[in-house]
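>>> Got a sequence here, can you model it:
(chains A and B)
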There are 2 protein chains.
Amino acid sequence: MPRQIDHDARRATIDAAVITIAAESGFAAVTIRAVAQRIGSSTSAVTHYVSSREELLGNAVRREVDARLDEADAAIGERTGNPALRALVEWAMFGAAESGRRFWLAAVLGAEHQPVLRAELERFTVWWDARVRALLTQAGVEDPQAASDVLNVVIDGLVVSSFYGGSPWVDQRREGLLDTVWRALAL
Amino acid sequence: MPRQIDHDARRATIDAAVITIAAESGFAAVTIRAVAQRIGSSTSAVTHYVSSREELLGNAVRREVDARLDEADAAIGERTGNPALRALVEWAMFGAAESGRRFWLAAVLGAEHQPVLRAELERFTVWWDARVRALLTQAGVEDPQAASDVLNVVIDGLVVSSFYGGSPWVDQRREGLLDTVWRALAL
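From the prediction side, this is the model:
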């Protein structure tokens, strides 16, 4: 069914353009027109697949969140407890390319005005919180809620810090910070 | 000199519009036209004061960074060492309204493509790093560089976390996290 394959590829191209534009300029810049320009087609070639801007955003962000969840699962692999937690946190800190981190911050900033962004972030966060708390419990941490607060803040902070010019965070510096956090949480 | 006063007020209005648009939609959305629309004037009423988009951004962000530096200084007041550090960090965490936090993240994300943003963020960061390291040293911390990394990441992480829906961070939860960090740094 070559025709079906073309449609899938087209949808993937559209979704990728949404993510690229959002990562570059924020979700306010994602419009059907901007996506059409980006992929070098007419707006009707985009509206053939999506009937609204909401659906355009939803498809792309859903695909992106699915991919992140698969990556996170793969990073944990067969590990459990403390090593699984470290693998998951290292994936979150080092796993995403710069464009991936930009996309994430753009989604967090855009969530207030875009219900579909809010829903997809929520889907990721629910998965993440359940996973992190289970691993912290397995690792024998006394207060998994408080420990999970610390981990989440540190990860988000490292994502932001990676955008500051001047003093780029080499992996060693980030690992050192992670060691400090691990000690603080008695992990 | 009423005419002079009008000009100052007009400049302030333009700068405020830049910051509002950037906080809402990112710096990519800040254009002379968008600012004119926001303040209900013609583009020529804006270009009377700035000759380029670069100058438009520069004026507004410079004013904003100046205001932040004044606020940070006021938060520290006459304190020194550990209490001064806590006051400064609490100001950074709790002091900014949501729009202020949005502006900050938008500036960090926009810095790559806007030299004037990069320069102003750098000006703030240089001030901040010098101040934090001096206070950590006064407080008797062994490795001020590592401790300052932890503080910076936690602050940026809390700024991001404040945008997640679902589980808003009440002040008590943030103070609890700050207590954990203070213990981890032996402060």
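>>> And the most centrally placed residue in chain A, which helix or strand is it part of?
By C-alpha atoms, centre = their mean, chain A has its centre lying nearest to A:Trp104, at 4.8 Å. In this structure, A:Trp104 sits in helix A:98-110 according to DSSP states H and E.
>>> Next secondary structure after that helix?
helix A:115-138.
>>> mean confidence for the helix or strand just after that next one?
Downstream of helix A:115-138, the first helix or strand assigned by DSSP H and E is helix A:144-161. The predicted model gives helix A:144-161 an average pLDDT of 89.
>>> just to revisit the earlier point, residues in contact with the residue nearest to the centre of chain A?
A:Ala96, A:Val159 (C-beta atoms under 8 Å, 6 or more residues apart in numbering or on different chains). (Each C-beta comes from the backbone N, C-alpha and C, glycine too.)
>>> per-residue pLDDT, it?
In this prediction A:Trp104 is given a pLDDT of 90.
>>> same thing with A:Pro168?
54.
>>> Then A:Thr180?
84.
>>> May I see the buried residues of the helix or strand containing it?
Element membership of A:Thr180, judged by DSSP H and E, is helix A:171-184. Within helix A:171-184, the residues scored as buried using 16 or more other C-beta atoms under 10 Å in any protein chain shown are A:Arg173, A:Arg174, A:Gly176, A:Leu177, A:Leu178, A:Thr180, A:Val181, A:Ala184.
>>> Now tabulate these in a markdown table and tack on distance to B:Arg79.
Output for the buried residues of helix A:171-184, formatted as a markdown table (distance: C-beta to C-beta, whole Å):
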| residue | distance to B:Arg79 |
| --- | --- |
| A:Arg173 | 29 |
| A:Arg174 | 31 |
| A:Gly176 | 29 |
| A:Leu177 | 26 |
| A:Leu178 | 31 |
| A:Thr180 | 25 |
| A:Val181 | 27 |
| A:Ala184 | 25 |
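>>> so which of these comes closest to chain B?
A:Ala184 (3.5 Å; C-beta to the nearest C-beta).
>>> got a list of what the closest one touches?
A:Val150, B:Thr180, B:Val181, B:Arg183, B:Ala184.
>>> Spit out the contact partners of the fourth one.
Contacts for B:Arg183 (C-beta under 8 Å, 6+ apart) come out as A:Ala184.
>>> I'm done for today, thanks for sticking with me.
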